[in-house]
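*Asks:* got a predicted model here, sequence first, then my questions.
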Amino acid sequence: MDFEKLQKHIDKLETYGKTIADSSAKSADDFDKDAKLRESAKQAMKNYAGTLKQLLMDHLKEGKKPVRPGQLYKDCAAESFVPGELAGDNLLIKWAGNVTPSAGRDVHEGTAQFSAVSQKLLPVLKAYRKE
């Protein structure tokens with residue numbers, strides 16, 4: 001994969017990941033009460049999922065591998081591009097689409113999941129070096 005393109009994706013993921021991590025420190029009640037917090041976290045997760053989805057699709061396309069919707073993360077994990085123990089496809093399906101959860105508790109649970117994914121995924125992606 002083009003190193004500069006990978007770095008742009010990583011920078012975006014870091015930015016969204018920081019917002020998500022800050023939001024995950026809040027309680028579920030805060031998400032129920034504060035619509036602004038809920039919307040900012042929801043938007044950050046949607047952007048994170050969209051960026052990750054694009055990164056995975058770019059990786060598969062560059063390797064001339066089939067792009068199978070619902071299997072992007074699994075296919076990239078099979079090639080050791082991303083850590084395989086994460087449930088990445090579930091998050092992509094839930095948050096990268098046009099209809100995303102909007103209930104406070106759903107958004108709060110999503111921040112915890114994305115925060116965990118981000119903590120494991122970003123170090124792996126940053127480890128790639130320019131060839």
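*Replies:* Thanks, I have it. Numbers count the residues shown, from 1 in each chain.
*Asks:* let's verify the closest residue to residue 81 other than its chain neighbours: helix, strand, or coil?
*Replies:* If the residues on either side of it in the chain are set aside, residue 81 comes closest to residue 59, at 5.6 Å by Cβ to Cβ, 6 or more residues apart in numbering. C-beta coordinates here come from the backbone N, C-alpha and C atoms, glycine included. On the three-state scheme (DSSP: H, G, I helix; E, B strand; the rest coil), residue 59 is labelled helix.
*Asks:* and residue 59, how many residues sit next to it?
*Replies:* 21 (other Cβ atoms under 10 Å).
*Asks:* so who does residue 113 touch?
*Replies:* Shown in contact with residue 113 (Cβ atoms under 8 Å, 6 or more residues apart in numbering): 87, 91.
*Asks:* could you check the pLDDT of it?
*Replies:* Looking at residue 113, its pLDDT reads 88.
*Asks:* ok, it to residue 4 distance?
*Replies:* As judged by Cβ to Cβ, to the nearest Å, residue 113 and residue 4 stand 29 Å apart.
*Asks:* ok, residue 84 next?
*Replies:* When residue 84 is compared with residue 4 (using Cβ to Cβ), they lie 26 Å apart.
*Asks:* and those two? which has more neighbours close in?
*Replies:* Legend: neighbour count by other Cβ under 10 Å for residue 84 and residue 4, higher for residue 84 (13 against 9).
*Asks:* OK, contacts around residue 91?
*Replies:* Contacts of residue 91 by Cβ under 8 Å, 6+ apart are 49, 110, 113-114, 117.
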